[in-house]
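Participant: Prediction below, plus the sequence it came from.
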Amino acid sequence: MAGSLTGRHALVTGGSRGIGRAIAAALRGAGADVTIVGRDPATLAAVVSAGDATGFAVADVTDGAALARAVGALDRSADILVANAGEAVSKPFARTSEADFAAMLGVNLLGVVGACRAVLGPMQEAGSGRIVAVASTAGLKGYPYVTAYCAAKHAVVGFVRALALETARTGVTVNAVCPGFTETDLVATSLDRIVEKTGRSREAALAELTRSNPQGRLVRPEEVADAVLWLCGAGAASVTGQTIAVAGGEV
């Protein structure tokens, strides 16, 4: 798909690492100008220096007003939004506080909502646009010990389906990709936590995480990026309101 997005401007939240960085690199490889959004200027600048993005904006996606200001200060509007920023909290429900639920909803749901608010008006005025939320298989099924995270990701899926219907006649498509356990820093942290709490070896902890994937492995970030890239292309103009699981057949 080299050159297929030439002249398009893509905005990727949480674009400095993991799935977000892989998505930014894929969009850049397809010719798009890519602005990544995150909280750490040094990390963002390093991604730009490496050639995986063309620019960056500093904002916390949980602060909708700050995110809107950062996006509004860019020299051009976004043709593509990939709302990728997210975090996970893992605790038994009995120890998951209201603050934990608020935090998970804040970054995983309201971070998507705020990013959409920041770009949707110009997209509708232009009569075209692509919005992709990076949700999770946790938005399509349940997992133990991540009730707050699952609740937030289920909410993202519902938001995507509703917004897709509102924008269906405007030329803007709204979809979600739902990765399973993926080779990211987030999963590496989960492995560390399993090892620490259970005393299992790292290999045993990894086997536990990959057990739900029929392919028996972690998803690669580049595989998620390829799904996003397709959704952002001209061939997906009639695809909206969908949740595409990238999870080896788990869902």
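Facilitator: Thanks, I have the structure now.
Participant: and residue 180, backbone torsions?
Facilitator: phi -80, psi -160 (degrees, to the nearest 10).
Participant: what about the nearest residue to it once chain neighbours are set aside, neighbour count?
Facilitator: Using C-beta to C-beta, 6 or more residues apart in numbering and skipping the chain neighbours, the partner closest in space to residue 180 is residue 247 (3.1 Å). The way it works is simple: take the backbone N, C-alpha and C, and place the C-beta from them, glycine included. Applying other C-beta atoms under 10 Å, we find 24 residues neighbouring residue 247.
Participant: And residue 206, by the same measure?
Facilitator: 19.
Participant: what about it, helix or strand, and which?
Facilitator: helix 202-210 (DSSP states H and E).
Participant: so for that helix, what's the average pLDDT?
Facilitator: The predicted model gives helix 202-210 an average pLDDT of 82.
Participant: How far does that helix sit from its chain's centre?
Facilitator: 24 Å (C-alpha atoms, centre = their mean, to the nearest Å).
Participant: where in the stretch 1-150 of the chain is pLDDT low?
Facilitator: 1-2 (pLDDT under 70).
Participant: what ranges do the helices span in it?
Facilitator: Along the stretch 1-150 of the chain, the segments classed as helices by DSSP state H, counting those that start in this stretch run 18-29, 41-49, 64-72, 98-104, 111-126, 147-166.
Participant: so which of the ones you listed is the most packed in?
Facilitator: Looking across these with neighbours counted as mean count of other C-beta atoms under 10 Å, the highest average goes to helix 18-29: a mean of 25.
Participant: rewinding a little: with distance to residue 200 as new columns, can the helices of the stretch 1-150 of the chain be given to me in CSV?
Facilitator: Output for the helices of the stretch 1-150 of the chain, formatted as CSV (distance: least, C-beta to C-beta, whole Å):
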stretch, distance to residue 200
helix 18-29, 24
helix 41-49, 31
helix 64-72, 39
helix 98-104, 25
helix 111-126, 33
helix 147-166, 22
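Participant: closest one to residue 185 among those?
Facilitator: helix 18-29 (5.7 Å; C-beta to C-beta).
Participant: re the thing from before, specify the next element, helix or strand, located C-terminal of the helix holding residue 206.
Facilitator: helix 221-231.
Participant: for that next one, which positions count as buried?
Facilitator: 221, 223, 224, 225, 226, 227, 228, 229, 230, 231 (16 or more other C-beta atoms under 10 Å).
Participant: Residue 218: what's it in contact with?
Facilitator: 181, 182, 183, 187, 206, 209, 210 (C-beta atoms under 8 Å, 6 or more residues apart in numbering).
Participant: How much space separates the third one from residue 247?
Facilitator: Residue 183 is 13 Å from residue 247, where distance means C-beta to C-beta, to the nearest Å.
Participant: Check the fifth one too.
Facilitator: Using C-beta to C-beta, we find residue 206 at a distance of 16 Å from residue 247.
Participant: Just the pLDDT at the residue lying farthest from the centre of the chain, thanks.
Facilitator: Most distant from the centre of the chain: residue 199, at 31.4 Å, with distances by C-alpha atoms, centre = their mean. pLDDT, residue 199: 82.
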